[in-house]
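Undergrad: Can you look at this prediction? I've put the sequence above it.
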Amino acid sequence: ETGVTQSPTHLIKTRGQQVTLRCSSQSGHNTVSWYQQALGQGPQFIFQYYREEENGRGNFPPRFSGLQFPNYSSELNVNALELDDSALYLCASSFARNEQFFGPGTRLTVL
Amino acid sequence: QQQVKQSPQSLIVQKGGISIINCAYENTAFDYFPWYQQFPGKGPALLIAIRPDVSEKKEGRFTISFNKSAKQFSLHIMDSQPGDSATYFCAASMDNQGGKLIFGQGTELSVKP
């Protein structure tokens, strides 16, 4: 059984650029949630996707958007990057509302 | 207010001792309370979780104690080992919000040999 995978591992961008992060959910899972974890903080919920539809959103601006594909993998897109967007971005997969299992994360640095 | 407060921020325990981390929540609608362990450079790993219909759950050396009336829950790590040194996060969620996890601020545990 393959766990949650994310790509890329690390990414460096400059202010104003756009970025796409990718997540493959664990086998058998149909729900993907994205979280932002700033250094020294707990993860903050960005949004969740279930059956290719957004199913809940945290307190993040519209420049944070996402997609879920028929194979349940997902993308997180961030437009007009700001310095404060520098963080570890975590993807978690689950079957419906059950336990969420996290991937290793993508470390994004915005210069 | 959807908030989870975690303490202490950091904890040092001797090998073989008991590590105790506490969390308090505001929203009585929360109905699922997991604990995650995170090593540097890794994603959080689910350790153990509890729902409010039980007061205690034990899995190996890890125990969750839950006090519904006080709106508090805690993680106890028995016989703490140096390999347990990591950051621990409590979290809470509501089924009617699709399982959106609200995390505490984290506790950095260091177990000294």
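TA: Now that the structure is in, tell me what you want to look at. Residues are numbered from 1 along each chain as shown, chains lettered A, B, ... in the order given.
Undergrad: Which residue comes closest to the residue in chain B that chain A sits nearest to once chain neighbours are left out?
TA: Distance from chain A to each residue of chain B (CB to the nearest CB) is smallest for B:Phe103, at 3.3 Å. To be clear about C-beta, it is placed using only N, CA and C from the backbone, and glycine gets the same treatment. Distances taken as CB to CB, 6 or more residues apart in numbering or on different chains put A:Gly42 closest to B:Phe103, at 3.3 Å, once the chain neighbours are dropped.
Undergrad: quick revisit: surely the residue of chain B closest to chain A meets A:Gln36?
TA: No - in this structure, B:Phe103 is not within contact of A:Gln36 by CB atoms under 8 Å, at 11.0 Å.
Undergrad: Give me the common contacts of those two.
TA: A:43-44 (CB atoms under 8 Å, 6 or more residues apart in numbering or on different chains).
Undergrad: Nearest residue to B:Tyr32 in space, please, no chain neighbours.
TA: Here the residue nearest B:Tyr32, using CB to CB, 6+ apart, is B:Ser93, at 4.8 Å.
Undergrad: can you check B:Gly41 too?
TA: A:Pro104 (7.8 Å).
Undergrad: Torsion angles phi and psi at the one you found?
TA: The phi/psi pair for A:Pro104 (degrees, to the nearest 10) reads phi -80, psi -10.
Undergrad: what residues are up against the residue nearest to B:Phe103?
TA: Per CB under 8 Å, 6+ apart, neighbours of A:Gly42: B:6, B:89, B:91, B:103-106.
Undergrad: what does the model give it for pLDDT?
TA: Listed pLDDT for A:Gly42 reads 95.
Undergrad: is it true that the residue nearest to B:Tyr32 touches B:Pro52?
TA: No - taking CB under 8 Å as the definition, B:Ser93 is not a contact partner of B:Pro52, at 11.9 Å.
Undergrad: Looking at these two, which is more packed in?
TA: B:Ser93 (24 against 15; other CB atoms under 10 Å in any protein chain shown).
Undergrad: Let me see the contact set for that one.
TA: Per CB under 8 Å, 6+ apart, neighbours of B:Ser93: B:30-32, B:34, B:99-102.
Undergrad: State the distance from the residue nearest to B:Phe103 to B:Lys58.
TA: 24 Å (CB to CB, to the nearest Å).
Undergrad: that older thread, if the residue of chain B closest to chain A is in a bridge, with which residues?
TA: B:Phe103 forms beta bridges with B:Ala91, as assigned by DSSP bridges.
Undergrad: and stretch A:101-111, which residues are buried?
TA: For stretch A:101-111, the neighbour count (16 or more other CB atoms under 10 Å in any protein chain shown) marks A:101-108, A:110 as buried.
Undergrad: Before I go, just wanted to say thanks for your time.
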